[in-house]
Each structure stands twice: as structure tokens, then as C-alpha cells.
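Undergrad: predicted coordinates and the sequence they were generated for:
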Amino acid sequence: MGITTLSSRELNHDVSRAKKAAKGGPVIITDRGRPSHVLMTYDEFERLTGKHRSLVGALAMPGLSSIDFEPQRVEIGPKLTVWPF
């Protein structure tokens, strides 16, 4: 994932370039040399905000299969209650 930086003027002159760059990572828009906005794809926005429409969509996230997850096995026994005498 690469980060692209464009000035406000560059963005205004070539919006399609900014949109193409956003497919590969965030695009930082500067105003007078200082970062002011970030352009990203809507899919990336949803991923970052956690607004998945369904469990199936969340589990189908790209890269999820590359995460190693092996939880420890837990033994759950009966609950013991001690009564006061």
C-alpha cells in the first residue's frame, strides 16, 4: 500500500489520477504544503470504520485468511457454589 501526496491544485487539475492512486492506498491532499484531507476508496473507508453490512461480508475481507488465529482450548466445568453456614 503506497501513500500518494497531491496538492489541492494537482487534485483539481487531475481528479482521475487521484482516484486511481487511491486504489493503491491513501492519497494525502495538501493545502499550502500542509496535509488537509485524505482520499481513499469507499471499501477502505468501510474497512476502517468497521461498517460491514453482514457477517459474511466481514469474514470475506481480503487478507483475513493470512491471519494466524489459534485460540487456546478452554475446559468449562460445573459451577460450584459454597453456601455459608
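TA: Perfect, thanks for sending it.

Undergrad: where does pLDDT dip in this structure?
TA: The model of the chain has pLDDT under 70 over residues 1, 52-53, 57-58, 61, 64, 85.

Undergrad: how about the strands in it?
TA: Remark: strands assigned in the chain by DSSP state E are 4-7, 27-31, 34-39.

Undergrad: any chance of these in CSV, plus mean neighbour count?
TA: For every residue, glycine as well, the C-beta is placed using N, CA and C. CSV is the format used below for the strands of the chain (neighbours: other Cβ atoms under 10 Å):
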stretch, mean neighbour count
strand 4-7, 16
strand 27-31, 17
strand 34-39, 12
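
Undergrad: among those, which is nearest Leu59?
TA: Closest to Leu59 of those, according to Cβ to Cβ: strand 34-39, at 27.0 Å.

Undergrad: what are the ranges of the helices in the chain?
TA: Along the chain, counting by DSSP state H, helices occupy 8-13, 15-22, 42-49, 55-59.

Undergrad: make TSV from those helices and add distance to Leu80 to it.
TA: Shown next, in TSV, are those (distance: least, Cβ to Cβ, whole Å):
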stretch	distance to Leu80
helix 8-13	66
helix 15-22	58
helix 42-49	44
helix 55-59	36
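
Undergrad: with Ile67 as the reference, name the closest of those.
TA: Among the helices of the chain, helix 55-59 sits nearest to Ile67 (Cβ to Cβ), with 11.5 Å.

Undergrad: could you dump the helices of the chain to JSON lines with distance to Ser36 and mean neighbour count?
TA: Shown next, in JSON lines, are the helices of the chain (distance: least, Cβ to Cβ, whole Å; neighbours: other Cβ atoms under 10 Å):
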{"stretch": "helix 8-13", "distance to Ser36": "8", "mean neighbour count": "13"}
{"stretch": "helix 15-22", "distance to Ser36": "14", "mean neighbour count": "14"}
{"stretch": "helix 42-49", "distance to Ser36": "17", "mean neighbour count": "12"}
{"stretch": "helix 55-59", "distance to Ser36": "32", "mean neighbour count": "10"}
